[in-house]
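Trainee: attaching a predicted model along with its sequence, questions to come.
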Amino acid sequence: MSATTETTAPAERVTLGTLWSGYITKLRGGEVGSLPAILGLVALVVVFSIMRPETFTNAFNFANLIGQSAGVTVLAMGLVFVLLLGEIDLGAGYTGGVSAGVLGLTMTNHGWPVVPSLIAGLATGAVIGFFIGWLVAKLGIPSFVVTLATFLGLQGVLLTITGEGGAIAYHDNFINKLNSGNIPVWLGWTLAALVVVGYVGLTFLQNQRRARRGLTSQPLLLWVLKSATLTVIVFLVTLYLSIERGPNPALKSIKGVPISLLVIIGLLLVLSFALGRTRWGRHVYAVGGNAEAARRAGINVASIRLTCFMVSSTVAAIGGIMLASRTNSVSPTTGGNTTLLYAVGAAVIGGTSLFGGKGRILDALIGGTVVAVIQNGMGLLNKPQGTVWMVTGVVLLVAASVDAISRRRTAASGRG
């Protein structure tokens, strides 16, 4: 009787070298993700820090930059859902403005409590999104045409709500502090610790669960590197924002994490979960990648389009409220001017594809930071607004070019 011996090949050892070579392979295949935006952001921060070290790098300007970018960043987060489908929403800015106007109308003019007023504002965004989504998904009208009409129509609605040359003031302390207030320092550190512990714990359990099921899981070394990087970033940001930054602390102390940053992080977590951890989110990517293939796979393409426009417009309502909160009022220009252009630019600069099927909510945050740093830094250098627009336009064009080139490389490598 002969015995047979079964040998199992040892698993390949994961080292920094193998992780780096794998990442380089992905880059060569066209999967650049947010890398260009991150490199651009680092370069901008270095340049402005050298040219204006006394103002650009201080804690007051850092916190101010977060407030400046909050409204546009939130709008960009909502636009990611539409861009993932290969669609566009030209009315997102004024959707936010009208929603902020409804909040002001109910809360200030009619004396509603803040919670029902907030619900009315968010519901306004959802209704506008349903209207746009129905026309696009059910009637087949191109989103460019529908949202261009929405852009014009909502501009008139907002003007009617506020009155020509008028404004509706926000008198509620909670609403006004959304984009100008700060939380206590102790609470900032508590939330920072919860974010880090939550991320580390959840990702570790997820990797363990996938490994037990025989599915591809994240290498332990990569998990450690990501967890360490997040921990350093979160704690450094919290530390910097906990520094006293008031011009005259004896009269008024200003320190602590801005409430607007909590709103952004909260939306980032919720919307990222919806896209990355739900069946609906997987269907969004499928429709954006190939709508016909998604339809043949049994996905209700029209429903996905409708819900994406609704989510986008509801998030735009939050963005509009953040914009109005910064000025403590809503005016006919809230969400107008270049707000939409900056929001679309933020999503694209961050790495969301204009061709659909590729993008993350994090892209909007990264791109929004890039746009805000350009505006903030150029302002500190006393550059005219025309120069700011030209620089932002060049950055957007470069981002779109990188997107197109990466798609070609992905197709050539057989990944797309």
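Mentor: Arrived safely.

Trainee: just the element for Val348, please.
Mentor: Secondary-structure assignment from DSSP states H and E places Val348 in helix 339-350.

Trainee: what's that helix packed up against?
Mentor: The elements that helix 339-350 packs onto, with contact taken as 3 or more CB pairs under 8 Å, 6 or more residues apart in numbering; DSSP states H and E, are helix 35-51, helix 59-84, helix 92-104, helix 361-380, helix 385-413. For every residue, glycine as well, the C-beta is placed using N, CA and C.

Trainee: quick check: which ranges of the stretch 1-150 of the chain have low pLDDT?
Mentor: 1-12, 30 (pLDDT under 70).

Trainee: ok so, going back, would a markdown table of the helices and strands packed on helix 339-350 with distance to Gln218 be doable?
Mentor: Supplementary listing: the helices and strands packed on helix 339-350 in a markdown table, determined by distance: least, CB to CB, whole Å:
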| stretch | distance to Gln218 |
| --- | --- |
| helix 35-51 | 19 |
| helix 59-84 | 23 |
| helix 92-104 | 34 |
| helix 361-380 | 17 |
| helix 385-413 | 22 |
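
Trainee: before we move on, the earlier item: pLDDT averaged over the helix holding Val348 - what is it?
Mentor: Along helix 339-350, the predicted local confidence has a mean pLDDT of 90.

Trainee: please apply the same query to stretch 242-260.
Mentor: Over the span of stretch 242-260, the pLDDT mean works out to 86.

Trainee: buried ones in that stretch, by neighbour count?
Mentor: Along stretch 242-260, these residues count as buried under the neighbour rule (16 or more other CB atoms under 10 Å): 242, 245, 255-260.

Trainee: give me the contacts around that stretch.
Mentor: For stretch 242-260, the external contacting residues (CB atoms under 8 Å, 6 or more residues apart in numbering) are 58-60, 63, 66-67, 70, 177-185, 187-189, 191-192, 237-238, 241, 322.

Trainee: all the helices of the stretch 101-250 of the chain, in order from the start?
Mentor: Along the stretch 101-250 of the chain, the segments classed as helices by DSSP state H, counting those that start in this stretch run 114-137, 143-162, 173-177, 185-212, 220-241.

Trainee: hmm, back to that, show me the buried residues of stretch 242-260 that map onto helices.
Mentor: With helices defined by DSSP state H, the entries of the buried residues of stretch 242-260 inside them are 259-260.

Trainee: go through the buried residues of stretch 242-260 and name the one nearest Gly281.
Mentor: Set against Gly281, the nearest of the buried residues of stretch 242-260 by CB to CB is Ser260 (25.5 Å).

Trainee: how near is the closest one to Ala70?
Mentor: Ser260 is 4 Å from Ala70, where distance means CB to CB, to the nearest Å.

Trainee: and the nearest residue to Thr231 once chain neighbours are set aside, how many neighbours does it have?
Mentor: Sequence neighbours aside, Val196 is the residue nearest to Thr231 in space, at 5.0 Å (criterion: CB to CB, 6 or more residues apart in numbering). Counted by other CB atoms under 10 Å, the residues lying close to Val196 total 18.

Trainee: oh, and call the first residue 41 from now on, that's how I've got it
Mentor: Let's use 41 as the start, then, which means that last one is Val236.

Trainee: mind listing what Val236 touches?
Mentor: Contact criterion CB under 8 Å, 6+ apart gives 267, 270-271, 274-275 as the residues in contact with Val236.

Trainee: again, 10 Å this time
Mentor: Residues counted as contacts of Val236 (CB atoms under 10 Å, 6 or more residues apart in numbering) are 267, 270-275, 278.

Trainee: surely Val435 and Tyr382 touch.
Mentor: No. Applying CB atoms under 10 Å, one finds Val435 not in contact with Tyr382, separated by 11.1 Å.

Trainee: between those two, what contacts are shared?
Mentor: Residues touching both Val435 and Tyr382 (CB under 10 Å, 6+ apart) are 389, 407, 411, 414.

Trainee: and the furthest pair within these?
Mentor: Pairwise over the shared contacts of Val435 and Tyr382, using CB to CB, the maximum falls at Gly407 and Ile414, 10.9 Å.

Trainee: out of these two, which sits in the busier spot?
Mentor: The residue with more neighbours, out of Gly407 and Ile414, is Gly407; 33 against 24, by other CB under 10 Å.
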